[in-house]
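In: Sharing a sequence plus its predicted fold:
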Amino acid sequence: MIKTTYYQDLTKMNTFGMKVKARCFVEYDSVADLVDIEFEELARPVLHIGGGSNLLFTDDFKGTVLHSKISFIEILNEGASPEDPVLVSVGAGVVFDDFCAWAAKEGLWGVENLSYIPGEVGASAVQNIGAYGVEVKDVIHSVYCYDTEEEEFVKFDVSECGYGYRDSVFKDPEVKGRFIVTHVVFALTRNPQPKLDYGHLKEAVEAQLERSTGGDEKTLTPSLVRKVIIRIRKEKLPEPSVVGSAGSFFKNPVISAEHFAQIETAAKSEHGADYRVPHYDLPDGTVKVPAAWMIEQCGWKGRRSGGAAVWDKQPLVIVNYTGEAYPEEIIGLEKRIIASVKAKFSVELHPEVEHV
Ligand SMILES: Cc1cc2nc3c(=O)[nH]c(=O)nc-3n(C[C@H](O)[C@H](O)[C@H](O)COP(=O)(O)OP(=O)(O)OC[C@H]3O[C@@H](n4cnc5c(N)ncnc54)[C@H](O)[C@@H]3O)c2cc1C
C-alpha cells in the first residue's frame, strides 16, 4: 500500500521534535509499492527519511518526504558450521534496535554493541552508524537499493559502499537521494565474538556477568552485552521520547599535530602541567580531538539558550530542552557554539546532523 498525505505534521517523525510539516508525505509498505511511485510527479525536493534521528528540520519541507515501511527479518542461510556467517536480510523500515533485539534473542553476535541507536535499518547503512567500537559496516554483507534514476534495483557489496566514519557512497552529494535502500543483508555469527575493547565496556560486562551468573564466561551472550550497552547509553544520552535531540550534533574535528600541540600547551597553562587533552592520533599524523571536550571547555555544558540546551551529561548533544524549541533556537545555539570554539581553539566545528 502507498499512503499519501498532504501538509503532514512531522513532529513525531523527527527525534528533535521540530514542529514542521511536509507539503507531501508518501509512505510505502513494500518494494512493489516503491516501484509504483511516480517519482517524476513528486513535488520537489524529495527527501527519504527513516526515524528522523539524524535530521534537523529548519523549516516546513516544501517538497515530498518518503518513508519506507518495508519490515521483515529473514535468515537467508544458517552456514554449515557455527564458524560460518549467518546471513540475515532486513527490510529498510525495520527499527534498527528491533533488529538488535531480534539478533540477541536468536543468539546471533554482531550488532549487540549497536543496541539502542535510534533510527531504521535503511538509514543505518547510509550513515554507517557506530558505537562502542563497532561500526555497522563491520557486519554489513550487502545493501540493496532502488535506483530512482535508472528505475532498477542495484546491489552494493559492502566493499562498494565507500564506508568511512559515519559516511558512505549514499551520502555523496552527487548521488544523494538517488538510491533508496530497500533492504540490507547482515553477516552475523553464532560463534561468540564479543567486542569489548572500547572504554570501560569490558569491566561493565564482567560486572554484569558476575551479578547474573557469578562470572561464568560461558554464559556471556549477545543479550547480556546488549543489556549493558543499553544501560550505559541511558545513563549518558537523552531519551528521544522524553527530550528531543539528534544525538551527536557535531563531528569531531581533525587538526594538525602542531595545532594540537598549541591547544595542549594552552590547556596545561590553564589546568596544570599534568593535564591531558583527550585526543586520538591518526595514522596520517593528524589528531582527532573530541568536539565534546572543546564545547565543555568553552563553558557550554548544560547551558540553555531559549528552548534549546547543551545536554549536561554529554555536551556533544544539543537538545530541544522545552520540547517547544524552534529550529532557529537550535541553529542559534549551534552558531554560538561554533563561534566560541573557533575563538578559543581556532577550530571550525561542523555539524554531524543533517540540516534540511
Ligand atoms: C539520542 C540519539 C543517540 C544517537 N546515537 C548514535 C550513535 O551512538 N551512533 C550513531 O552512529 N548514530 C547515533 N545517532 C544518530 C542516528 O540515530 C543515526 O544517524 C541513524 O542511523 C539515523 O537513522 P534514521 O532512520 O533516523 O535516519 P534519518 O535521520 O531519518 O535519515 C538519515 C539519512 O539517511 C537517509 N535515509 C533514511 N532512510 C533511507 C533509505 N531507506 N534509503 C536511502 N536513504 C535513507 C536520509 O535521507 C538521511 O540522509 C543518535 C541519535 C539520537 C537521537
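Out: Noted; the coordinates are in hand.

In: pLDDT averaged over the lengthiest strand in the chain - what is it?
Out: Criterion DSSP state E: the longest strand present in the chain is strand 179-188. In this model, strand 179-188 carries a mean pLDDT of 98.

In: That strand near the ligand anywhere?
Out: Yes. Judged by C-beta under 6 Å from any ligand atom, strand 179-188 and the ligand are in contact via I180, V181. Where you see a C-beta, it was placed from the backbone N, CA and C, and this is true even at glycine.

In: and the stretch 201-350 of the chain, which residues reach the ligand?
Out: By C-beta under 6 Å from any ligand atom, the residues of the stretch 201-350 of the chain that approach the ligand are L237, P238, P240, S245, A246, G247.

In: Are any of those buried, and if so which?
Out: The neighbour count (16 or more other C-beta atoms under 10 Å) marks L237, P238, P240, S245, A246, G247 as buried among those.

In: Now do the domain split for the chain, please.
Out: Listed domain ranges for the chain are 2-68, 71-236, 244-355 (source: automatic domain parsing).

In: Can you name the next helix or strand after the lengthiest helix in the chain?
Out: Using DSSP state H to define each element, the chain has its longest helix at helix 327-345. Using DSSP states H and E, the helix or strand that follows helix 327-345 in sequence is strand 354-355.

In: Tell me, how many residues neighbour K12?
Out: 9 (other C-beta atoms under 10 Å).

In: That one belongs to a strand, doesn't it?
Out: No. Counting by DSSP: H, G, I helix; E, B strand; the rest coil, one finds K12 to be helix, located in no strand.

In: Quick one: low-confidence residue ranges for this structure.
Out: Low-confidence segments of the chain (pLDDT under 70): 215.

In: Nearest the geometric middle of it, what residue?
Out: By C-alpha atoms, centre = their mean, the chain has its centre lying nearest to I129, at 4.5 Å.

In: so it makes contact with I117?
Out: Yes. With contact defined as C-beta atoms under 8 Å, I129 counts as touching I117 (5.2 Å).

In: Which neighbours do the two have in common?
Out: Taking C-beta atoms under 8 Å, 6 or more residues apart in numbering as the criterion, I129 and I117 both touch F96.

In: Mind listing the residues bridging to the residue lying closest to V35 once chain neighbours are set aside?
Out: In this structure, V35 finds its nearest non-sequential neighbour in Y146, 7.1 Å apart by C-beta to C-beta, 6 or more residues apart in numbering. As for beta bridges, Y146 partners with F153, I180 under DSSP bridges.

In: Please report the number of neighbouring residues for F16.
Out: F16 sits with 27 neighbouring residues when counted by other C-beta under 10 Å.

In: Now it, what are its backbone angles?
Out: For F16, the backbone dihedrals (degrees, to the nearest 10) come out as phi -70, psi -20.

In: switch to numbering from 12
Out: Sounds good: first residue 12 from here, last item F27.

In: That one and the ligand, how far apart?
Out: Distance, F27 to the ligand, using C-beta to the nearest ligand atom, to the nearest Å: 8 Å.

In: Tell me who's in contact with that residue.
Out: G63, L66, L67, F68, G255, S256, A257, N331, I341.

In: State the number of residues packed around the third one.
Out: This means L67. 22.

In: what does the stretch 62-211 of the chain have sitting close to the ligand?
Out: Checking the stretch 62-211 of the chain against the ligand by C-beta under 6 Å from any ligand atom, the hits are 62-66, 79, 103, 128-131, 133-135, 137-138, 140-142, 177, 181, 191-192.
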